[in-house]
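Peer 1: My questions concern the predicted model and sequence given below.
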Amino acid sequence: MKKLKKLYEGKAKIVYQTEDPSKVILEFKDEASAFDGIKRASIKGKGALNNEISSLIFQILNAKGIKTHFIRKLSEKEMLVWKADRFNVEVVVRNLSAGSFAKRYGVKEGTPFKKPLVEFFYKNDELHDPMVCQDHVELLGLAPVEFLPHMKETALKVNSVLKDLLEGKGLILVDFKLEFGTLPDGSLAVVDEISPDSMRVWDKETGEKLDKDRFRFDLGDLLEGYKKILDRIST
Ligand code: TMP
Ligand code: ASP
């Protein structure tokens, strides 16, 4: 599949048109960004790792009947996906307190939840991704509201699949972010990426943080953490 015109460039990926109007190529960049683009760095090898981890996770989800935009991995840093109309909503699922939840609600990091929590955020760096409720989504036109229940249900299914996968490999899935959109056939699908950039994963034994928090808070080598996740989930 040939890469044609660049359609969009984000902080971590570039989207290219292909000869097929219903398919696009995602190229994963070596750029790391945190705090809505305030902290940035180029980390050689990150793009390839995120592409590999994301491709693996999308394949697993597709096989479980969870619809995603993933078609196939094309090369080290590229994947082929269905072209989607992406919603401006980020769906976060949490199993333990961390990050913005710990800060906002004053719950100690690492506190487990009785059941997974699903939150919606407005995808907007300038506004620092404010949290939104269903009425905000409708009023601001961030996504078709009729999809919200399906999005929540899908996010919980993804959580259950990922949590089981990681737990079986000695890893804790703390939280993660999903994006959704509609595919050319109008169906709802998980889009974007699912990688250590968009989830928190801790080692069950040591508590070591293996995800992008390493970069956010200078906790250690980013690639080393991402490689540990990949090694565990691919064996
Ligand atoms: P948070 O605790 O900062 O709200 O993040 C929750 C999860 O969502 C965490 O796994 C990191 C991920 N995330 C993104 O993928 N993109 C973002 O812009 C933010 C803020 C979080
Ligand atoms: N993804 C966001 C950024 O790139 C925020 C974050 O992950 O901390 O700035």
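Peer 2: Looks like it arrived, so ask away. Since the model is a prediction, treat every value here as computed from it, not as a measurement. Ligands and ions are numbered 1, 2, ... in the order given.
Peer 1: Residue 176 - nearest residue in space that isn't next to it in sequence?
Peer 2: In this structure, residue 176 finds its nearest non-sequential neighbour in residue 199, 3.5 Å apart by Cβ to Cβ, 6 or more residues apart in numbering. In this view, the C-beta of every residue, glycine as well, is placed from N, C-alpha and C.
Peer 1: OK, contacts around that neighbour?
Peer 2: With contacts defined as Cβ atoms under 8 Å, 6 or more residues apart in numbering, the neighbours of residue 199 are 162, 173-177, 211.
Peer 1: I'd like to know which of these are buried.
Peer 2: When neighbours are counted using 16 or more other Cβ atoms under 10 Å, the contacts of residue 199 contain these buried positions: 162, 173-177, 211.
Peer 1: For the closest residue to ligand 2 within the chain, I want the exact helix or strand it lies within.
Peer 2: Residue nearest to ligand 2 within the chain: residue 33 (3.3 Å; Cβ to the nearest ligand atom). Counting by DSSP states H and E, the element that carries residue 33 is strand 31-34.
Peer 1: swap in residue 95?
Peer 2: Per DSSP H and E, residue 95 falls inside strand 85-96.
Peer 1: If I follow the layout properly, residue 177 ends up in contact with residue 94?
Peer 2: No - assessed by Cβ atoms under 8 Å, residue 177 is found out of contact with residue 94, at 10.1 Å.
Peer 1: For this protein, which residues are neighbours of ligand 2?
Peer 2: The chain comes close to ligand 2 at residues 11, 33-37, 212, 216, as judged by Cβ under 6 Å from any ligand atom.
Peer 1: For whatever residue of the chain ends up closest to ligand 1, give me its contacts.
Peer 2: When scored by Cβ to the nearest ligand atom, the chain has residue 99 as its residue closest to ligand 1, at 2.1 Å. When contacts are counted by Cβ under 8 Å, 6+ apart, residue 99 touches 175, 200, 213.
Peer 1: redo that, cut-off 7 Å
Peer 2: 175, 200 (Cβ atoms under 7 Å, 6 or more residues apart in numbering).
Peer 1: Next one: the strand or helix carrying residue 215, is it in contact with ligand 1?
Peer 2: Assigned by DSSP H and E, residue 215 belongs to helix 213-216. No - using Cβ under 6 Å from any ligand atom, helix 213-216 never reaches ligand 1; the gap is at least 8.2 Å.
Peer 1: thinking again about what came up before, ok, the strand holding residue 95: who's next to it in the sheet?
Peer 2: strand 112-122 (antiparallel), strand 171-182 (antiparallel) (DSSP bridges).
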